[in-house]
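*Asks:* I would like the atomic coordinates for the input below:
(one chain, ligands or ions: 1)
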Amino acid sequence: MTQDELKALVGQAALAYVVPGTVVGVGTGSTVNCFIDALATMKGQIAGAVSSSVKSTERLQAHGITVLDANQVQSIPVYIDGADEIDHSGCMIKGGGAALTREKIVADLAEHFVCIADESKLVEVMGQFPLPVEVIPMAAAQVMRRFAQAYGGAATVRAGLVTDNGNVIVDVRGLKINEPLAMEAEVNQWPGVVTVGIFGRHRAKVCLLGTAQGVKTLSF
Ligand code: 5RP
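*Replies:* Model (predicted):
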């Protein structure tokens, strides 16, 4: 199966985690696009969606799915999103699509994070994928220096990109994220960092992994 077919497979499989009558949290990315297209088949059964990006909002609305502001809901049963990497404890790197801050906000509203990913995303130690960090523009150079000093990572500003929140993304290469929770807590303290793309505190409870043998369910 191609990577796109695996994404379609897990996007469809995620429907089993949508709780009828409730609001569903929706992430961002090509795998989530497959989920959104599948969700359209049960739009009459849900109370709406909370979205993590302008792009996902547009796709949901194009299917006639009601999109609610995050401030309108107190909690949601499930948040469904992809990942750039996921380790064997459910911790993830996210933000390849630059939506990490809103993704973490919606994940925080949710009781369960269900990650949908093709098998290339499952890793032993995270860091092969450049770690995205959303940063207030005036702090970008200082945050990049700090990464080099603290973790030996080589950081660059993602060219030509402004996030939905008006900030920049710094991508950090050359990291080995052996302690995701500690690194997440540390980097989130640095002035100017809006969100680091390590999802440790908001790690997945379940990962639906698309493999050549079908969908594998990993529980953490
Ligand atoms: C967007 C994300 C995505 O979930 C991540 O980049 C995976 O995307 P895709 O499903 O296209 O591989 O974090 O900010």
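
*Asks:* The residue nearest to M144 when sequence neighbours are not counted sits in which helix or strand?
*Replies:* Counting by C-beta to C-beta, 6 or more residues apart in numbering, M144 lies nearest to A155, which is 3.9 Å off, once chain neighbours are set aside. Where you see a C-beta, it was placed from the backbone N, CA and C, and this is true even at glycine. A155 belongs to strand 154-157 when assigned by DSSP states H and E.

*Asks:* Nearest residue to the middle of the chain?
*Replies:* Residue closest to the mean C-alpha point of the chain, counted by C-alpha atoms, centre = their mean, is K94 at 4.5 Å.

*Asks:* And the pLDDT at it?
*Replies:* As summarised for this prediction, K94 has a pLDDT of 98.

*Asks:* repeat for M1
*Replies:* Looking at M1, its pLDDT is 89.

*Asks:* Any idea how many residues pack against the residue lying closest to it once chain neighbours are set aside?
*Replies:* Leaving aside its sequence neighbours, M1 sits nearest to A212 (C-beta to C-beta, 6+ apart; 6.0 Å). Counted with other C-beta atoms under 10 Å, residues neighbouring A212 total 8.

*Asks:* same question, A62
*Replies:* A62, neighbours per other C-beta under 10 Å, totals 11.

*Asks:* tell me the contacts of it?
*Replies:* A62 makes no contacts at all, as judged by C-beta atoms under 8 Å, 6 or more residues apart in numbering.

*Asks:* and the gap between it and F35?
*Replies:* Separation of A62 from F35 (C-beta to C-beta, to the nearest Å): 14 Å.

*Asks:* How about K7?
*Replies:* Distance from K7 to F35, counting by C-beta to C-beta: 9 Å.

*Asks:* Compare these two and say which is more crowded by neighbours.
*Replies:* Neighbour count, other C-beta under 10 Å: between K7 and F35, F35 has more, with 31 against 23.

*Asks:* thinking that one is in contact with G11, fair?
*Replies:* Yes: assessed by C-beta atoms under 8 Å, F35 is found in contact with G11 at 4.0 Å.

*Asks:* Between the two, which contacts overlap?
*Replies:* Common neighbours of F35 and G11 (C-beta under 8 Å, 6+ apart) are I116.

*Asks:* one step back: for the strand holding A155, which outside residues touch it?
*Replies:* Strand 154-157 has contacts (C-beta under 8 Å, 6+ apart) with 133, 140, 143-144, 147-148, 168-174.

*Asks:* closest to V18 among those?
*Replies:* Distance to V18 across the contacts of strand 154-157 (C-beta to C-beta) is lowest for I169, with 29.6 Å.

*Asks:* Give the rounded mean pLDDT of the helix or strand containing the closest one.
*Replies:* Using DSSP H and E, I169 falls within strand 168-173. Across strand 168-173, pLDDT averages out at 98.

*Asks:* wait, does that strand contact the ligand?
*Replies:* No: Strand 168-173 stays clear of the ligand (C-beta under 6 Å from any ligand atom), getting no nearer than 9.2 Å.

*Asks:* burial of the nearest residue to Q74 once chain neighbours are set aside, as a residue count?
*Replies:* Distances taken as C-beta to C-beta, 6+ apart place L109 nearest to Q74, at 7.8 Å, with adjacent residues excluded. By other C-beta under 10 Å, 15 other residues sit near L109.
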